[in-house]
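Peer 1: fold the stuff below for me.
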Amino acid sequence: MSTAATVPQTHDLELEGDEALETLRRVGTRELLTRSFLRFRYADGFSHSRALAFQFLLTLIPGLIAVVGLASVLGQDTFTAVLTSTVEDIAPGPAGQTLVQALEQGSADHGHGAVALSLGLLAAIVGGAGAMGQIERGSNRIYGVERDRPSLEKYGRASLLAASVGFLFAVAFVLLAFGRDIGNSDSALHSVWLIVRWPIGLLLAALALTGILQYSPRRHQPNMSWLVYGTGIGVLCWAAVTLIFGVVFSASSSFGDTYGPLAGIVALQLWSLFSALSILFGAAVAAQLEAVRAGLTEPAKPDPEESVVQPTAAAVSGSSAVVDA
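Peer 2: Residues are numbered from 1 along each chain as shown. Predicted structure coming up:
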């Protein structure tokens, strides 16, 4: 797979947030995003995003099975009902319907709650470690790092990130899941909470993505303030993707008519793919911003063939004269 131009490490300069803003003003948002997309493409970001989307599915579905198993073991049918309604809000259209059917089927079987919890949790941990490992690989190529960490170090770190950063995502999910039932549903405060719970959840997701960008690449990263802009772009892209997919799938009946019973699976795959694209594009924005500060504006690696010195006409004629002599 290809790799973008290497981003010079600037951690020794101890750059702060005001310097990041100054660099952003100097290069311009439009120019930065354009160059970031080129960096993303040169690093084969689309292939890495497809692999990350697959790992994301391997984490999401077993995680939901584990949650349903936990609710079944504890006998909390109310929690399952709240979780089901929240999934309908978070996952767009047919994707949410597919997950809801899985939740309802799992919650109906109380006899195998412990098995669902154990197996689902184990599969989610393995899938989460694989997802973090894929993020390291994709971000390394985006930053111009040719090789990942050794396998033991790579997946050990990936497991820690899955447990720590994954916890932030879990807290965000719990806030979204229980936010609807906090307070009196007839009060004005509850109506306000229904709105602000989404920014809170997105803020926690942004903190989690910042942690991923800080500790995933195999390099010394700059101050976290230099990663905030890339994190914000990644989270905004993800939120926009979720909103757009929800509107499109809800307004279009042809999608379900085309794919039939597979509509939910296809929608979930598309949603996962564009979510992965959002995460790695955020990494590309953070990498390009640091590259600009280090004086590297071109995201492509130099072509090795262009660096080969071609013999001049004079040199060729000179060598011919030597041969004739």
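Peer 1: where does the prediction get shaky in this structure?
Peer 2: Low-confidence segments of the chain, defined by pLDDT under 70, span residues 1-2, 12-17, 71-113, 170, 173-187, 190, 246, 249-264, 303-325.
Peer 1: where along it do the helices fall?
Peer 2: 17-27, 29-42, 45-74, 77-90, 93-108, 113-143, 151-179, 188-215, 228-251, 254-259, 263-293, 313-324 (DSSP state H).
Peer 1: which among those is found nearest to residue 222?
Peer 2: Residue 222 lies closest, by C-beta to C-beta, to one member of the helices of the chain: helix 263-293, at 5.8 Å. Every residue, glycine included, has its C-beta placed from N, CA and C.
Peer 1: of the helices of the chain, which is nearest residue 3?
Peer 2: So among the helices of the chain, helix 113-143 is nearest, using C-beta to C-beta, at 4.8 Å.
Peer 1: and that closest one, what does it pack onto?
Peer 2: Counting contacts by 3 or more C-beta pairs under 8 Å, 6 or more residues apart in numbering; DSSP states H and E, helix 113-143 packs against helix 45-74, helix 151-179, helix 188-215, helix 263-293.
Peer 1: dump those to a markdown table, plus distance to residue 3.
Peer 2: Formatted as a markdown table, those follow (distance: least, C-beta to C-beta, whole Å):
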| stretch | distance to residue 3 |
| --- | --- |
| helix 45-74 | 11 |
| helix 151-179 | 17 |
| helix 188-215 | 18 |
| helix 263-293 | 12 |
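Peer 1: and stretch 147-161, what's buried?
Peer 2: Using 16 or more other C-beta atoms under 10 Å as the burial criterion, the residues of stretch 147-161 that qualify are 148, 149, 154, 155, 157, 158, 159, 161.
Peer 1: ok, residue 121 - how many residues close by?
Peer 2: Here the number of neighbours of residue 121 (other C-beta atoms under 10 Å) works out to 17.
Peer 1: count of neighbours near the closest residue to it other than its chain neighbours?
Peer 2: Excluding the flanking residues, the one nearest residue 121 by C-beta to C-beta, 6 or more residues apart in numbering is residue 66, at 4.2 Å. Residue 66 is flanked by 21 other residues according to other C-beta under 10 Å.
Peer 1: in contact with residue 66, which residues?
Peer 2: The neighbours of residue 66, taking C-beta atoms under 8 Å, 6 or more residues apart in numbering as the test, are 116, 117, 119, 120, 121, 124.
Peer 1: does residue 144 really touch residue 9, like I thought?
Peer 2: No: applying C-beta atoms under 8 Å, one finds residue 144 not in contact with residue 9, separated by 10.6 Å.
Peer 1: so which of these two has more stuff around it?
Peer 2: Per other C-beta under 10 Å, whichever of residue 144 and residue 9 has more neighbours is residue 144, with 22 against 14.
Peer 1: and the nearest residue to that one once chain neighbours are set aside, how far from residue 209?
Peer 2: Of all residues not flanking residue 144 in the chain, residue 6 sits nearest, at 3.2 Å (C-beta to C-beta, 6+ apart). For residue 6, the distance to residue 209 (C-beta to C-beta, to the nearest Å) stands at 23 Å.
Peer 1: higher neighbour count, these two?
Peer 2: residue 209 (28 against 16).
Peer 1: how about that one: what's its closest non-neighbour residue?
Peer 2: Spatial nearest neighbour of residue 209, chain neighbours left out: residue 231 (4.7 Å); criterion: C-beta to C-beta, 6+ apart.
Peer 1: separation between the one you found and residue 65?
Peer 2: 30 Å.
Peer 1: so between those two, which is more surrounded?
Peer 2: Higher neighbour count among residue 231 and residue 65: residue 231, with 25 against 21, using other C-beta under 10 Å.
Peer 1: wait, the more buried one touches residue 286, no?
Peer 2: Yes: using C-beta under 8 Å, residue 231 is in contact with residue 286, at 7.3 Å.
Peer 1: how near is the closest residue to residue 302 other than its chain neighbours to residue 293?
Peer 2: When the adjacent residues along the chain are set aside, residue 302 lies closest to residue 5, with 7.8 Å between them (C-beta to C-beta, 6+ apart). Computed with C-beta to C-beta, the distance linking residue 5 and residue 293 is 14 Å.
Peer 1: now residue 298: how far from residue 52?
Peer 2: Residue 298 sits at a distance of 26 Å from residue 52 (criterion: C-beta to C-beta).
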